[in-house]
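>>> here is my input; please provide its structure:
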Amino acid sequence: MTTQAAQVPFSFNPPALLRKAWAFNPTLTFLFVAMVITSVLGFVGLAVDPRTVLNAPTWAKTTKFSISLVFYTATLLWMLTFIQGRPRLVNFVGTSIGGILIFEMFAIILQGARAQAMHFNVATPFDATLWTLMTVTIFILYGINLIGGGLLLFTRFADPVLALSLRLGFLIMVLGLTQGFLMTGPQGDQMARLEAGEQVDLIGAHTVGAPDGGPGLPLLGWSTTHGDLRIGHFVGLHGLQAIPLLGFLLSRRREQWLKTSHRQALVAIGAAGYTGLVVLVTWQALRGQPLLSPDALTLGALAGLVALTLAAWGGVVAVARRAA
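Got it, this is the predicted structure:
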């Protein structure tokens, strides 16, 4: 698809969109359809299977990962269509990401069916092998996403506002991926037990200040009593949707006084504010603080972030109106 074709007004026709997506990259499209199905089946599992893993419903991880990947694959399919002149490399990026995530979701569903933890699980040789394979593929996935980001960075777009939003959204998503590496190392109690020669079932954790498995938010599982690194990871990953959506909406505003440079500035401000939110919730988690129980310092930082973002946004709008 050419850049010009991508600018045609959007019409929502699911069968036609699926046919176009399949022609563009079958692997990513298969993953998208599979994740829609496993999202539905995950809710069925939540309703009928009473088993738990680390005090969470055994199908919670399958369900939330499936929903997240529905948005990720749909967005990635759309974004990759803008890249011109390197069809083989674009196909490699899409197919590799799709193939890796198919494997990772297979592993997550398999462990869910066994009512076993997927992440950090080294309790048995089988569990340890599965987790090692997932860890390796995550690193490969990270590298391939960097290639995709590089392709977007050097692609020429007909719409500079949308172009900036795609690039910044992708960069924030990579930040979210990077934040995930904070979870993989041995925690304090795990390290002490390893040094003592003891067997541990989990190496790594989502929770800061306590073992995984404490009280958590429904479905998401984020700790309600301690810090949780999954929050910054989640918010960062979905910058891939939030910032391009902002750019998409701004690029289609009809106000003549809002010039391209103003719209780009608003995208940049939105991306900066969103990045600040990723950093803020990660900082909160690293301090061992649950998301819904912020202290005065966290609330003050949040208020400052919101105030700065709104002030910058209002400043650009005011300048644009005055110039008109």
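>>> list the buried residues of the helix or strand hosting Val161.
Per DSSP states H and E: Val161 is located in helix 160-179. By neighbour count on 16 or more other Cβ atoms under 10 Å, the buried set for helix 160-179 is 160-177, 179. Every C-beta, even on glycine, is put in place using the N, C-alpha and C of the backbone.
>>> do you know how far Arg193 is from Thr129?
As judged by Cβ to Cβ, to the nearest Å, Arg193 and Thr129 stand 21 Å apart.
>>> of the two, which one has the most company?
Under the neighbour definition other Cβ atoms under 10 Å, Arg193 and Thr129 were set side by side, and Arg193 has more, 15 against 11.
>>> which residues touch the host helix or strand of that one?
Using DSSP H and E, Arg193 sits within helix 188-195. Outside of helix 188-195, the residues within contact range by Cβ atoms under 8 Å, 6 or more residues apart in numbering are 186, 199-200, 202-205, 211.
>>> hmm, back to that, the helix holding Val161 - contacts with which helices or strands?
Identification of packing neighbours for helix 160-179 by 3 or more Cβ pairs under 8 Å, 6 or more residues apart in numbering; DSSP states H and E yields helix 125-153, helix 230-237, helix 239-251, helix 260-286.
>>> let's have these in CSV, adding distance to Thr29 and mean pLDDT.
As requested, those are exported to CSV (distance: least, Cβ to Cβ, whole Å; pLDDT from 0 to 100):
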stretch, distance to Thr29, mean pLDDT
helix 125-153, 16, 95
helix 230-237, 20, 97
helix 239-251, 18, 96
helix 260-286, 28, 98
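>>> distance of the residue positioned nearest the centre of the chain from Ser66?
Nearest to the centroid of the C-alpha atoms of the chain, with distances taken as Cα atoms, centre = their mean, sits Leu237, at 2.0 Å. Per Cβ to Cβ, Leu237 is found 14 Å from Ser66.
>>> kindly report the same for Gly85.
Applying Cβ to Cβ, the value for Gly85 to Ser66 is 34 Å.
>>> between those two, tell me which one has more neighbours.
With neighbours defined as other Cβ under 10 Å, Gly85 and Ser66 compare such that Ser66 has more, 23 against 10.
>>> need the contact list for that one.
Counting by Cβ under 8 Å, 6+ apart, Ser66 touches 35-36, 38-39, 42, 105.
>>> ok, 7 Å please
When contacts are counted by Cβ atoms under 7 Å, 6 or more residues apart in numbering, Ser66 touches 35, 38-39, 42.
>>> in helices only, show me those.
35, 38-39, 42 (DSSP state H).
>>> mind putting those residues in JSON lines, distance to Leu80, pLDDT and neighbour count included?
Listed next are those as JSON lines, based on distance: Cβ to Cβ, whole Å; pLDDT from 0 to 100; neighbours: other Cβ atoms under 10 Å:
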{"residue": "Met35", "distance to Leu80": "17", "pLDDT": "98", "neighbour count": "24"}
{"residue": "Thr38", "distance to Leu80": "23", "pLDDT": "98", "neighbour count": "23"}
{"residue": "Ser39", "distance to Leu80": "22", "pLDDT": "98", "neighbour count": "18"}
{"residue": "Gly42", "distance to Leu80": "27", "pLDDT": "97", "neighbour count": "24"}
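>>> between the residues you listed, which sits nearest Gln241?
Each of these was checked against Gln241 using Cβ to Cβ; the closest is Met35, at 14.5 Å.
>>> the closest one and Gly176, how far apart?
Counting by Cβ to Cβ, the gap from Met35 to Gly176 is 18 Å.
>>> swap in Phe248?
Taking Cβ to Cβ, one finds Phe248 at 20 Å from Gly176.
>>> per-residue confidence at the nearest residue to Gln289 once chain neighbours are set aside?
Excluding the flanking residues, the one nearest Gln289 by Cβ to Cβ, 6 or more residues apart in numbering is Gly227, at 5.4 Å. Here, the pLDDT recorded for Gly227 equals 97.
>>> what bridges to Gly227?
On the basis of DSSP bridges, Gly227 takes part in beta bridges with Val208.
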